[in-house]
Every structure is written in structure tokens, then in C-alpha cells.
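In: Sequence plus the predicted model coming up.
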Amino acid sequence: ATNLPVVTMHAAISSTPGKGSEVRTGGQSGAWTIDTSSKDGNVPILTGSQILGSRVPCLIHLDVEGFEYKALLGLGDVIKKHKPAIMVEIKHGDESCNIHPWLESAGYVKIWSGEHNFLFVPKMTFHILVVCTPNYMRFGKHGVDALRAYSRMHGYEFTLYNKAIEGLHVNFTKNEAVIK
């Protein structure tokens, strides 16, 4: 068990603050959405940044019945500053088609998907210089292939500069390498 603090609040999340009314959408027992057409509703609407305050998330999970895109927009400054992993449900409404492009433009890559759930992580670039003995094709290629596969699996951008040591001469002796 962990001692993570849990904060509950009666509020909706969106891109702009305001007020709305709860509307039952049917289907699942917990399926509700917020009607924002009436500004005199009883549900406060907050941005993700307002909800988080000074807390820094390492993971954001959004399943908010069609408000996922607006919730992401309301978390924009937090996402850009702290780069948390993001799990988001994508299946509701016309704005759901904006989620992938928005996250990609924020520097994220999708690394997992389930039925309607997607996990995005920040794209990172690693620059790797591989220096191998002349039997590179026997061992080094497999190591590079493994690094490339690992990078793709975890959403990292992998670039191999295989021409970086062209013309470099290395003399190997008993316990040292001399680079000329």
C-alpha cells in the first residue's frame, strides 16, 4: 500500500472555467456529462491547472465522457512544463479527433492502446555513438537493433550516427585503446 494523497472534489474539468449542469448520458451507471449551455448550473467547471494547483503529476488519466480534448487544453501549461504520461479515453464526440494531433504537437507519442484507451508519453531523443571492433556485424548490429526496438517500444526517437567515426583509427592493445 502507498500513502498517496487523494483529493476529491465536485467539479468538472474543461479548457475554461465556468459552471454547468450534470446530464445523465445513459448506458453505464456512471456515465454523466456536463451541459455548458446554461451558465447557472450547480457544477463548477475548472481547468486542470486550477485543479492541480502546485502539484506536479507524473501521470494524467482522463475518462471524462467527451470532455477529454477540452480537459487536455485546460492542462496545456502543466503538460508542456512537466511532461507527464497521459492515459486518455478517445471515443466521444467530434473533438476526439483533435486529441492525437494535439498531443503529437505537444511532443508526445502513443505507445499503447486498448479498446478506447491510449497511453501517450513524451517523445525523447537519445543520441548514441556506437564504437565497435571490426566484428561489428557479428555483435554490434544486434545491440543497435535491440536499442532501436527498445526505443520504439517506449516511444523514444532513435537516431544512429553510423558515420560519426568514419576515418577514425583505433589501435587495441592489451589493456588500452589509443584513438588517433
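Out: Sure thing, it's come through.

In: Residues contacting stretch 7-22, please?
Out: Identification of contacts with stretch 7-22 by C-beta atoms under 8 Å, 6 or more residues apart in numbering yields 32-36, 38-48, 50-51, 62, 64, 67, 70-71, 73-74. Where you see a C-beta, it was placed from the backbone N, CA and C, and this is true even at glycine.

In: Among the residues you listed, which ones are in helices?
Out: Among the contacts of stretch 7-22, the members falling in helices are G48, Q50, I51, K70, A71, L73, G74 (criterion: DSSP state H).

In: would you list those in JSON lines and tack on pLDDT and distance to I86?
Out: Below are the ones in helices among the contacts of stretch 7-22 laid out as JSON lines (pLDDT from 0 to 100; distance: C-beta to C-beta, whole Å):
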{"residue": "G48", "pLDDT": "91", "distance to I86": "11"}
{"residue": "Q50", "pLDDT": "93", "distance to I86": "18"}
{"residue": "I51", "pLDDT": "91", "distance to I86": "15"}
{"residue": "K70", "pLDDT": "91", "distance to I86": "14"}
{"residue": "A71", "pLDDT": "93", "distance to I86": "10"}
{"residue": "L73", "pLDDT": "95", "distance to I86": "13"}
{"residue": "G74", "pLDDT": "94", "distance to I86": "13"}
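
In: Can you select the buried ones from those in ChimeraX?
Out: For the buried members of the ones in helices among the contacts of stretch 7-22, the matching ChimeraX selection, counting by 16 or more other C-beta atoms under 10 Å, is:
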select :48,51,70,71,73,74
